[in-house]
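**Student:** Have a look; sequence and predicted model below, questions after that.
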Amino acid sequence: MLEVTFNLLLNLYKFPTHLAIDPVKDNEFGIIFGDTLILPFTFIVFVYYARQSPPWRTSLLFALLSIIQEWIYLRLGYMKYLHWNLAYSAAFYVAGFRLGAYLAPRIATYNPPVPYRIRLICFSHTIIMWAGALFASPLLEMFQFRPGVFNDHMADCRFTDLLSGDVLSVLCTIFIPRTPNRFKPLAFTVIACIGISFALYAYFKGWLIYHNWNHFFMVLRYIVPLALIMLYDRWELSMERAK
């Protein structure tokens, strides 16, 4: 949501990746590469080194490397500042990596004091977000949300898809941990039906446009991610029992 807010909604910076003729799609490809490839892999490497190293030393080293990387992107034309500068990015890098250094030993050993609800909402957001990023604009362009909240059609689509998905993630986080195991499939089904109902309502209101899509696929778009979240919840439960 931060990337969508800063990039699409506030227009603070853009990613001209030169992968598409349409600048809107070109920028969205940059967001997808950054959020799903560059940042996650960077964090994996960071956790590996930060789990046993002095927190500030590792944090500042990776922040410095990220600042240099962003400067290179700027020089090569793969990133463009509109209402942003490198100092803002540097502050986010230092704060983000310092928080990551605090969490690194807990993530590496999988014995964290990080509450299960936080782990659940992170997993739920990622799974639900990926489904929208893959099938909606700009990758496969099979459907598109257009409620008319923003003039930028890409911002309109991504913000609506992410916001509706995060509502489902929050519902999972609130209700699943307190639901008895035998009723969890029913709880996940109800949450999936809420997502499906929103999509159908948006479609008949003209806020959702199908290109190479239909209602059956839209039902699967919510059922499959919720099924994966249910499997994750069962895995977490089995890990707790094994301790």
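**Tutor:** All right, it came through fine. Numbers count the residues shown, from 1 in each chain.

**Student:** From now on I want contacts and neighbour counts done on CA atoms only, so please keep to that.
**Tutor:** OK.

**Student:** quick one: the helix of greatest length in the chain to chain centroid distance?
**Tutor:** Longest helix in the chain, counting residues (DSSP state H): helix 215-242. Centre-to-centre, helix 215-242 and its host chain are 17 Å apart (C-alpha atoms, centre = their mean, to the nearest Å).

**Student:** quick check: domain ranges of this protein?
**Tutor:** Following automatic domain parsing, one gets these domains for the chain: 2-109, 116-242.

**Student:** what's the offset of the longest one from the middle of its chain?
**Tutor:** On the basis of C-alpha atoms, centre = their mean, domain 116-242 sits 12 Å off its chain's mean C-alpha point.

**Student:** circling back: format the domains of the chain as CSV; extra columns: mean pLDDT and mean neighbour count.
**Tutor:** As requested, the domains of the chain are exported to CSV (pLDDT from 0 to 100; neighbours: other C-alpha atoms under 10 Å):
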stretch, mean pLDDT, mean neighbour count
domain 2-109, 89, 16
domain 116-242, 91, 17
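
**Student:** And the residue positioned nearest the centre of the chain, how close does it get to Arg119?
**Tutor:** Taking C-alpha atoms, centre = their mean, the centroid of the chain lies closest to Thr126, which sits 4.7 Å from it. For Thr126, the distance to Arg119 equals 11 Å [C-alpha to C-alpha, to the nearest Å].

**Student:** Check Glu3 too.
**Tutor:** Going from Glu3 to Arg119 by C-alpha to C-alpha gives 20 Å.

**Student:** With Asn85 instead?
**Tutor:** Noted for Asn85: a distance of 32 Å to Arg119, by C-alpha to C-alpha.

**Student:** do the same with Ser169
**Tutor:** 11 Å.

**Student:** Quick check: which helices or strands does the longest helix of the chain pack against?
**Tutor:** helix 116-135, helix 184-204 (3 or more C-alpha pairs under 8 Å, 6 or more residues apart in numbering; DSSP states H and E).

**Student:** Let me have those in TSV, adding distance to Asp35 as columns.
**Tutor:** Formatted as TSV, those follow (distance: least, C-alpha to C-alpha, whole Å):
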stretch	distance to Asp35
helix 116-135	10
helix 184-204	23
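
**Student:** between those helices, which one is nearest to Pro40?
**Tutor:** helix 116-135 (11.3 Å; C-alpha to C-alpha).

**Student:** between that closest one and helix 215-242, how many degrees?
**Tutor:** Orientation check (axes from the mean of the first three to the mean of the last three C-alpha atoms, to 10 degrees): helix 116-135 against helix 215-242 gives 150 degrees.

**Student:** Thank you, goodbye.
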